[in-house]
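**Q** Sequence below, structure please.
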Amino acid sequence: MFSLKKLAGVAAIAAAGLVLSACSGPAADNSNSSSSSSAAPAPSTGGPLKVAVVTHGSAGDAFWNVVKNGAEQAGKDLNVGVDYFSDGDPGNQARLIDNAVAQKVGGLVVSMANPQALQTSIQNAVKAGIPVITINSGEDFSAQFGAVAHVGQSEGLAGQGAGQRLKAAGKTKLLCVIHEAGNIGQNQRCDGAKQTFGNVTTLQVDISNPTDAQARIRGALQSDPSIDAVLALNSQVAARAVAAAKEASSKAQVATFDLNADVVTAIKDGSILFAVDQQQYEQGYLPIVFLKLYKENGNTIGGGHPVQTGPGFVDKTNIDTIAPYAQRGTR
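**A** Now for the predicted structure:
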């Protein structure tokens, strides 16, 4: 059994690292956040903790595979049973949460791309005495719904950082590509970019239809040759944006959120300017640590504020350091 002393050390080191990275950028606006800490749970006397991780990831999405890798590795390291589920449809995701509650899991980790669709299910979990940690999206609703903590990246701040970098690179008109309808985090990213970049237009595509997404990006670039930058919000969409720009003979340079092997290669060869890295492995790993500490020692994290895993930025200056981690599925 992983000792509480050692477990607390893991969490302290991880949280300290996150605080330092968060301090390198603008401070998050947490005016709507409040502490969701409740009375400490009774010490666990049963078998190993069982946790369900329920995300809005689409099947085969490279980003969510890394989240899954993080959660499962934490389970192995900490002797926690971890079951990972995902569904891009909000209604189906809510049903997955309901099923986990019915099975009386010891903890829940949930991403909230569509908070309103998940509110009742999450609050029912809390009422049933199941601690919930939200990840990735929906940080503004996390405490309101009764979650113990939120682990992720403030999307508006990340968008602001991307916009600043593109403006510094001399770009003048930006196309921001949204690939999931109804995902509040993606709108926040584009809105953040508008705040620091200025001249931004958005384009809606469907990540589940990559050929059509590429065609739509190509069409937008052909219809407006003044667009000289494209911001993809997903690594798989980024590859399609690079191909679309070539097909359109466009001068637009692509930047993206998130990493995968194709993005690593594209940063090295210069076809992608940079990637905004929210370090999603931490979004899978850290909630398992925090839930174990909460269940076995009554510990909470964040003090009502989100635990930030980003934004970090990966470009030619640090890609050689990051590339091996992306290759093994942890970045």
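**Q** Tell me the first helix or strand C-terminal of the helix or strand harbouring Val110.
**A** For Val110, the host element (DSSP states H and E) is strand 107-111. For strand 107-111, the following helix or strand on the C-terminal side (DSSP H and E) is helix 115-127.
**Q** which strands and helices sit next to the helix or strand just after that following helix?
**A** Per DSSP H and E, the first helix or strand lying C-terminal to helix 115-127 is strand 132-135. On a contact count with 3 or more C-beta pairs under 8 Å, 6 or more residues apart in numbering; DSSP states H and E, strand 132-135 meets strand 107-111, helix 115-127, strand 149-153, helix 280-297. Placement of C-beta: from N, CA and C, glycine included.
**Q** After strand 132-135, which helix or strand is next?
**A** helix 139-142.
**Q** other SSEs contacting that following helix?
**A** By 3+ C-beta pairs under 8 Å, 6+ apart, helix 139-142 packs against helix 115-127, strand 149-153.
**Q** deepest of the ones you listed, which one?
**A** Comparing the helices and strands packed on helix 139-142 by mean neighbour count (mean count of other C-beta atoms under 10 Å), strand 149-153 comes out on top with a mean of 29.
**Q** Check the offset of the helix or strand following that strand from the chain's centre.
**A** Note on strand 149-153: by DSSP H and E, the next helix or strand toward the C-terminus is helix 155-168. The chain centre lies 16 Å from the centre of helix 155-168; the measure is C-alpha atoms, centre = their mean, to the nearest Å.
**Q** related to what we said a few turns ago, among the helices and strands packed on strand 132-135, which is nearest Asn69?
**A** Among those, helix 280-297 comes nearest to Asn69, with 6.5 Å by C-beta to C-beta.
**Q** got the angle between the strand holding Val110 and strand 149-153?
**A** Going by axes from the mean of the first three to the mean of the last three C-alpha atoms, to 10 degrees, strand 107-111 is angled at 30 degrees with respect to strand 149-153.
**Q** Check the separation of the first and last residues in stretch 138-152.
**A** 9 Å (C-alpha to C-alpha, to the nearest Å).
**Q** quick one, what contacts Gly159?
**A** 188-196 (C-beta atoms under 8 Å, 6 or more residues apart in numbering).
**Q** which of the residues you listed count as buried?
**A** Buried subset of those (neighbour count, 16 or more other C-beta atoms under 10 Å): 188-194, 196.
**Q** hang on, the earlier thing: in CSV: the helices and strands packed on helix 139-142, plus distance to Glu247.
**A** Below are the helices and strands packed on helix 139-142 laid out as CSV (distance: least, C-beta to C-beta, whole Å):
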stretch, distance to Glu247
helix 115-127, 36
strand 149-153, 31
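**Q** Right, I'll leave it there.
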